[in-house]
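**Q** I'll drop the sequence and a predicted model, then ask my questions.
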Amino acid sequence: MSKIRLHSVPAPADGRQAPLFALQCNYDYTAKYAHHARAVERAALSALFFADRIALLPRSRNGVRIAEALTPLLGLMPDPSAPGARRLPLDPSAPLPSRLQPLLDLPARFDADPHFGLYGFFCYELIHAKLGLGSGVLGVFHLPERLAVDGVAVDYLLDPADAGGEAWPLALGPLLNADDFAAGRGQPYPRMYDIASQHIADGALRSLNPSFAIQRSCSRDGYRIHRDLLQRNPAPYNLYFDGGDFQLAGSSPAMFLRLRDGRLNTSPICGTVARGRDAAEDRLQVEKLLASDKDRFELEECVRADILAKEASCEDIRVDVAREVERFANVFHTSASISARLKPGKTLADAICDHLWPATVVGTPVDAAARLLAEHETRHWYAGAFGYLCADEAELGTVIRSALLAHGMATTRVGSTLSARSSPELERGELEAKASLILGVL
């Protein structure tokens, strides 16, 4: 494969500003996480993934040159969405992995250091594309021009003479239908509780995880909210994304998927109880969580669904940790750790599609639950996956405990797992506990 050479040039120490993307783990309560941070301070290109195309939008003079270099390699065509934009057409009738693969192949088109890649998020509706349902934008990413890894920043330049060149602001909202993208749609809580209960009683589902939008007027800057969340809530996936006319900020406790050193890792997380007022109450709450049949059932369902997802594309599947407690600022959760190795001939695209989405944000059986949810709600950014995709590694967290800010409004969504063991009072309490973190910073 012919590759485009990108020069890695140390970035100047001055002129640093709020990033376009940030992912920081400041959480090591369990062994599967360690502190790290990555931030895209300048983007060469933004990449929008749709069911029928990948759109590449230049964000700088360097980005224009990169897009020009990619055009003959990929067969790119002009795209009317933005000045200088190019598109790679996709067959919307093709299986999702074959449409996703060209996006994931983009980092490998470059001769660059191993941290160069796609930085952004997949939308929840990626599962709709898998199931043949209607879908809009499926992913929003930046290809970095300046990337900081654990505080050390590097510029990726086609021509080193472009160092410090002009960068262009770009509002992605008009390309996403920003108002709908922020709020989505859904049913009132009592209505969804009744729908879920009926389908569970009929045996069509074992569980369902509907979500509910909460909107507040908010004049706060999204990056400031991200920094506040870092201080308030140590978490594995503290996330921030700047789309120009919208910002996404959150502090997620949940891994979607990690690929590192040839192994695929996931961590189903389910079962929730609020933190106590002091250490003594915390101990009582943990005891309550571990003794709960409902919470044990929910985690077992998530683990069962995760293992089933791996069987198509993975081998050597191991349950490394069956159940452990995770501690956050506002809640305790229980989680498991599962690892596997990709089968020969299988790719990260196959694994991502097989794992759409964790049962903790959909229900079980996953595909049946997702089809029912599609009849009643749209989520867009909520319950998608946020992180980075490089040539040899991937790190993606599930987008929960987050808010999207646009036009002076902040939208967060919150969900809980409904099963035969649920009660309206317990579920409302869980929803309030989960929402308290993000509402506290808005």
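**A** Sure, I can see it.
**Q** and stretch 337-356, what's its mean pLDDT?
**A** The average pLDDT for stretch 337-356 rounds to 96.
**Q** wait, isn't residue 204 in contact with residue 371?
**A** No. Residue 204 is not in contact with residue 371 according to C-beta atoms under 8 Å; the separation is 10.1 Å. Where C-beta positions appear, they are placed from N, C-alpha and C, glycine not excepted.
**Q** pull out the buried residues from stretch 319-331.
**A** Using 16 or more other C-beta atoms under 10 Å as the test for burial, stretch 319-331 gives 323, 325, 326, 328, 329, 330, 331.
**Q** actually, stretch 34-42.
**A** Residues 38, 39, 40, 41, 42 are the ones in stretch 34-42 that count as buried (16+ other C-beta under 10 Å).
**Q** stretch 144-162 too?
**A** 144, 145, 146, 147, 148, 153, 154, 155, 156, 157, 158, 162.
**Q** thinking the fifth one is in contact with residue 41, fair?
**A** In this case it means residue 148. Yes. With contact defined as C-beta under 8 Å, residue 148 counts as touching residue 41 (6.1 Å).
**Q** which neighbours do those two have in common?
**A** Counting by C-beta atoms under 8 Å, 6 or more residues apart in numbering, the common neighbours of residue 148 and residue 41 are 11, 19.
**Q** about what we covered before: which one of the buried residues of stretch 319-331 is nearest residue 210?
**A** Closest approach to residue 210 among those (C-beta to C-beta): residue 331, at 18.9 Å.
**Q** what score does the closest one have for pLDDT?
**A** For residue 331, the model assigns a pLDDT of 89.
**Q** over to residue 15?
**A** Predicted confidence (pLDDT) for residue 15: 65.
**Q** try residue 212
**A** pLDDT at residue 212 comes out at 88.
**Q** with the one 3 residues further on instead?
**A** As summarised for this prediction, residue 215 has a pLDDT of 90.
**Q** and for the one 5 residues further on?
**A** In this prediction, residue 220 carries a pLDDT score of 90.
**Q** residue 164 too?
**A** Residue 164 is assigned 65 on the pLDDT scale.
**Q** test my guess that residue 140 contacts residue 242.
**A** No. Applying C-beta under 8 Å, one finds residue 140 not in contact with residue 242, separated by 10.8 Å.
**Q** neighbour count winner among the two?
**A** Neighbour tally, residue 140 and residue 242, criterion other C-beta atoms under 10 Å: the higher count belongs to residue 140, 26 against 23.
**Q** show me the contacts for that one.
**A** Under the criterion of C-beta under 8 Å, 6+ apart, the contact list for residue 140 reads 46, 47, 48, 49, 120, 121, 123, 172, 176, 241, 243.
**Q** which of those residues fall in helices?
**A** residue 176 (DSSP state H).
**Q** helices or strands up against the helix or strand of the chain with the lowest mean pLDDT?
**A** Using mean pLDDT, DSSP states H and E, helix 424-439 stands out as the lowest-scoring helix or strand of the chain, at a mean of 75. Here helix 424-439 touches helix 189-201, strand 211-217, helix 222-232, strand 247-252, strand 269-274, strand 409-415, going by 3 or more C-beta pairs under 8 Å, 6 or more residues apart in numbering; DSSP states H and E.
**Q** can you tell me what sits against that helix?
**A** 189-190, 193, 212, 214, 216, 229, 232-233, 250-251, 272-274, 294, 328-331, 400-403, 412, 414-416, 418.
**Q** re the thing from before, what is the nearest of the buried residues of stretch 319-331 to residue 356?
**A** residue 326 (22.7 Å).
**Q** for that closest one, give its distance to residue 41.
**A** Distance, residue 326 to residue 41, by C-beta to C-beta, to the nearest Å: 31 Å.
**Q** rewinding a little: any idea which of the helices and strands packed on helix 424-439 is most buried?
**A** strand 247-252 (a mean of 27; mean count of other C-beta atoms under 10 Å).
**Q** what mean pLDDT does stretch 37-44 get?
**A** 96.
**Q** now that stretch - C-alpha only, PDB.
**A** Output of stretch 37-44 as PDB, limited to C-alpha atoms (Å, rounded to 0.1, in the frame of the first residue of the first chain):
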ATOM      1  CA  ALA A  37      -4.200  11.900  28.200                       C
ATOM      2  CA  ARG A  38      -4.500  12.800  24.500                       C
ATOM      3  CA  ALA A  39      -5.700  16.000  23.000                       C
ATOM      4  CA  VAL A  40      -6.100  17.200  19.400                       C
ATOM      5  CA  GLU A  41      -5.200  20.900  19.500                       C
ATOM      6  CA  ARG A  42      -5.400  21.500  15.700                       C
ATOM      7  CA  ALA A  43      -7.100  19.300  13.100                       C
ATOM      8  CA  ALA A  44      -5.800  18.700   9.600                       C
END
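**Q** hang on, residue 303 in a helix?
**A** Yes. Under DSSP: H, G, I helix; E, B strand; the rest coil, residue 303 sits within a helix.
**Q** that one reaches residue 269, doesn't it?
**A** No. Between residue 303 and residue 269 there is no contact under C-beta under 8 Å: 10.3 Å.
**Q** could I get the buried residue list for stretch 127-142?
**A** Neighbour counts over stretch 127-142 (16+ other C-beta under 10 Å) mark 127, 128, 129, 130, 135, 136, 137, 138, 139, 140, 141, 142 as buried.
**Q** for residue 94, state which of the residues you listed is nearest.
**A** Nearest to residue 94 among the buried residues of stretch 127-142, with distances taken as C-beta to C-beta, is residue 129, at 10.3 Å.
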